[in-house]
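Novice: All I have is the shape, not the residue letters:
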């Protein structure tokens, strides 16, 4: 299927347990150029504060119980020991082989704005990246739920195992050593690429093992599913390029966020 593709003819459920609508996304005509980085820092999203959003996104407690649109403090201010965290159900999920839904940190847009990303098959920083090539033509619909130290056109996708970035609430939340979380910026992927030069299947096998050891073995099912989504649907693409445009938010993304 070329271009944006579409979801299956009936509603589907991704690994996260979230559902998908019956929406078709035609190829983007025009749009803007951007690229996707990745992170999962466990912190309360900036769009979880009433001061930042007309409809704040939900947060969860340390055990992933929903707190709703809470004004509880950011867990990253307490080393991940208490406060409000990113809910595990905000991990990306596949609707079909061609379409996925998810969330992202994006600067300069209103909280809750949604975008269609159409991947071009190239990488922002890794020429010849086979994962980015395999992603060509696929579509992702993302909702902006956070901001960060990121550039114009950069969408920092919320992906378990994607690196904690500037802040780290995950070590405290999961009771895990920082070393198990991978590279601060990039997560599991850089080490897997270093261990498997010129062997993308080896990279993906390495990633699957890390998804299992960090998330699966701890019973963090939604995070495991989101980590595996990065391997299987996203093809472990390293900072892929895309074209993007603003779209209406699917009801299923709104439901997962609120």
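Specialist: All right, it came through fine. Because the structure is predicted, anything quoted here is derived from the model rather than measured.

Novice: ok, for the residue sitting nearest the centre point of the chain, nearest residue in space, not its chain neighbours?
Specialist: Central residue of the chain (Cα atoms, centre = their mean): residue 158, 2.6 Å from the mean position. Once flanking residues are discounted, residue 158 sits nearest to residue 103: 4.4 Å by Cβ to Cβ, 6 or more residues apart in numbering. Just so you know, the C-beta spots here come from the backbone N, C-alpha and C atoms, and that holds for glycine as well.

Novice: rewinding a little: and the residue nearest to the centre of the chain, what does it touch?
Specialist: Applying Cβ atoms under 8 Å, 6 or more residues apart in numbering to residue 158 gives the contacts 38-40, 86, 90-92, 102-105, 145-146.

Novice: Looking at those, which is nearest residue 162?
Specialist: Nearest to residue 162 among the contacts of residue 158 is residue 38, at 3.2 Å by Cβ to Cβ.

Novice: Counting neighbours, what do you get for the closest one?
Specialist: 26 (other Cβ atoms under 10 Å).

Novice: packing partners for the helix or strand harbouring it?
Specialist: Element membership of residue 38 [criterion: DSSP states H and E] is strand 32-39. If you count contacts as 3 or more Cβ pairs under 8 Å, 6 or more residues apart in numbering; DSSP states H and E, strand 32-39 packs onto strand 114-123, strand 154-158, strand 240-247.

Novice: Please repeat the previous calculation with a cut-off of 6 Å.
Specialist: On a contact count with 3 or more Cβ pairs under 6 Å, 6 or more residues apart in numbering; DSSP states H and E, strand 32-39 meets strand 154-158, strand 240-247.

Novice: buried stuff in it?
Specialist: 34, 35, 36, 37, 38, 39 (16 or more other Cβ atoms under 10 Å).

Novice: Determine which two of those are furthest apart.
Specialist: 34 and 39 (15.7 Å).

Novice: Tell me what residue 242 is bridged to.
Specialist: As for beta bridges, residue 242 partners with residue 34, residue 119 under DSSP bridges.
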